Structures are given as structure tokens and as C-alpha cells.
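In: Build me a model:
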Amino acid sequence: MKLLALSDLHVGFVANRAALEALPPSPRDWLILAGDVGETEAHLAYTLRLLRPRFAQLVWVPGNHELWTPHESPAGPRGVDKYERLVALCRREGVLTPEDPYVAWPGVGPAHLIAPAFALYDYSFRPDDVSAERALDWAAESNIMCADEALLYPDPYPSREAWCHARCDLTEARLAAAAATGRRLVLINHWPLRADLLRLLYIPRFSLWCGTRRTRDWHVRFGASVVVYGHMHVPYTTRRDGVRFEEVSFGYPRERERRSRHAIETYVRQILPEPEPHQAGPLDPALRHKAPGWKAS
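Out: Okay, here's the model as predicted:
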């Protein structure tokens, strides 16, 4: 029995849907979906209904794309309402979310709690000499602007920063209670917890939409043994303070064409039990540690 992970499926792309439909079943294993499954509620429903029969349990956290309110549906759910609709969908499909109690990992090895989180971002991944007030202008100077600015609403919060801080307050309290049990955590969040995990070679100022400084020490403070995330579209493994960090993105078709062509199952990462060093990830080292790619939105 294994805990596996994959993110950034972006099933709005025909090629990605075809790849996902070809993913072999693994009926004894659990699969983490670490955000950006797609851009609509229908995308998420399609993915859950496709994968739920293939795995023993699914665990989902939202990415920014799931939270979008498309221009063609301006009266649709926004912000917290949109998120709660997605949580309700997951619960109907028997999928664990950040709003559910953390569950114990039933597989072999040390005791772990599976801790899905939703922390968002607050534009604090920026140089110290760039003020919060000037952050968006700083990004725009390099012709960088995330689609979230037009599509991801914070309602009823006054700003994305306010929503992020409310989510961090809630999540920190839950993680502290979980850490008090003495069990290690598998901590899951779509956005990287630390700015030094960013892989933005071509668009460094996209960092504004990639996380919050508030999560920088969560892996140590709350006793994580592994942190799972996506958003970078650059799958790789690294460590901070002895804790393993796994970026588990599948990404856009054009990105995979630039690197090399691998079947989707090679992107599925083993989280637990921790793989041996020579099996650290299903992607070969040349691909997993390539120079960072880029992400357009």
C-alpha cells in the first residue's frame, strides 16, 4: 500500500485528459491530488469520477485554477462560495479535503497523519525592498500578471491577502493540534511553503502568486516528514531542515514537450513509504532536476 501524489493535471487540455484516462489503476493505493486539477467544477467532477474507482482513497487540495470564476460565468460562485462548492463535490465522491479531519495513514511504517491544507498566497514572496503596495507594479514591470487578478475572487474577504491570512490562522491551529498527537504529518498544499522552493527561471516576478512567508517554517514547527505541493510545473525532490519536499506537477502539454515525453504514470510520485534513494521518484534524475520551467497563469 502506497501514498502517491500528482498535481496540476489541467484537464481542460485534451492531451491531459487523454493522458489521465490512460493512467493505470492502483486499487490498493491512495492518491493525493495537489491542486489545479482544472479550471471548472465540471473538470474536478470528471477527474474525481475517473480516478475514484482506480484508487483506494483520493485526497484533494485546491489550486488557484479551481477557484477561478470564468468570464463566461460572471454570476457563478466566487471566492469562499466557490471553494465550498468544490469541497461539497469532493465529499459526495468520498474524497478527503482540507475541511475534513486529518486521517491516519493506514499503510506500513511510522504513524502519519494526512494533512491537506489550503493556505493561498499574499504577495509576500517578493524582495524585501519591494513594498506590498508596489508589488503588482513590480511584477508588471516585467510584463508579468497572473490570471488570478481577473478570475480568482476573495469574496467575502476584502482581498486575497485577507483570505490567505484567515486560511493560515485556521490551518496553523489545526496543524498544532495534529502535531500534539506526536504523529508525523504528510503536509499537502498546492502552493510552495517556502520562497526558496520556487522554480521560476524565466518569470521570477511570478513569485507574488506562489505562496506566503507565513508557511516558511510549517514543516519544522508542525513535525512534517514530507511536504507535497505543485504549482511550479517542475517535478522534483528536495529537502529543507531534513524534511522531504515533493513537487508533483504534471503540467501543460507544451511544457512536457520541451522536456521529454513520459507517460503520466512516471509523474506519479511515491510519498509513503519513503522510497529508497535510488527510487526517490518515478522521473529520471535528468528530468527531475532540470533547470526550472515556466508557468503562464
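In: can you give me the helices in the protein?
Out: With helices called from DSSP state H, the chain shows them at 14-21, 41-51, 79-92, 135-140, 148-151, 160-179, 218-221, 253-259, 285-288.
In: Go through these and name the closest to Leu120.
Out: helix 160-179 (3.9 Å; CB to CB). Any C-beta I mention is one placed from the backbone N, CA and C, and that applies to glycine too.
In: Contacts for that closest one next, please.
Out: 79-80, 98, 102, 113, 115, 117-123, 132, 148, 152, 154, 157, 185, 187, 212, 214-215, 218, 221-223 (CB atoms under 8 Å, 6 or more residues apart in numbering).
In: How many neighbouring residues does the closest residue in space to Ser225 that isn't next to it in sequence have?
Out: Leaving aside its chain neighbours, Ser225 sits nearest to Arg184 (4.1 Å; criterion: CB to CB, 6 or more residues apart in numbering). Residues near Arg184, counting by other CB atoms under 10 Å, number 22.
In: and what of Thr237?
Out: For Thr237, using other CB under 10 Å, the count is 18.
In: check contacts around Tyr153.
Out: Thr69, Arg78, Gly79, Lys82.
In: Can you read off the pLDDT for the spatially closest residue to it that is not a sequence neighbour?
Out: Nearest residue to Tyr153 in three dimensions, chain neighbours excluded: Arg78, at 3.9 Å (CB to CB, 6+ apart). Note on Arg78: pLDDT of 96.
In: what does the one 4 residues further on give?
Out: Each residue has a pLDDT score; the one for Lys82 is 97.
In: neighbouring contacts of stretch 126-137?
Out: Against stretch 126-137 from outside (CB under 8 Å, 6+ apart): Tyr123, Ser124, Trp138, Met145, Glu149, Glu161, Ser207, Leu208.
In: The contacts of helix 160-179 in strands, which ones?
Out: Leu113, Ala115, Leu185, Leu187 (DSSP state E).
In: I figured the third one was touching Arg221, is that so?
Out: No - distance between Leu185 and Arg221: 10.5 Å, which falls outside the contact criterion (CB atoms under 8 Å).
In: Comparing those two, which residue is more hemmed in?
Out: Leu185 (25 against 13).
In: Name all residues that make contact with the more buried one.
Out: Shown in contact with Leu185 (CB under 8 Å, 6+ apart): Tyr102, His112, Leu113, Ile114, Ala115, Leu175, Ala178, Ala179, Phe222, Gly223, Ala224, Ser225.
In: For burial, what's the neighbour tally of the last one?
Out: Number of residues near Ser225 (other CB under 10 Å) recorded here: 19.
In: Tell me how many other residues crowd the residue nearest to Tyr153.
Out: 19.
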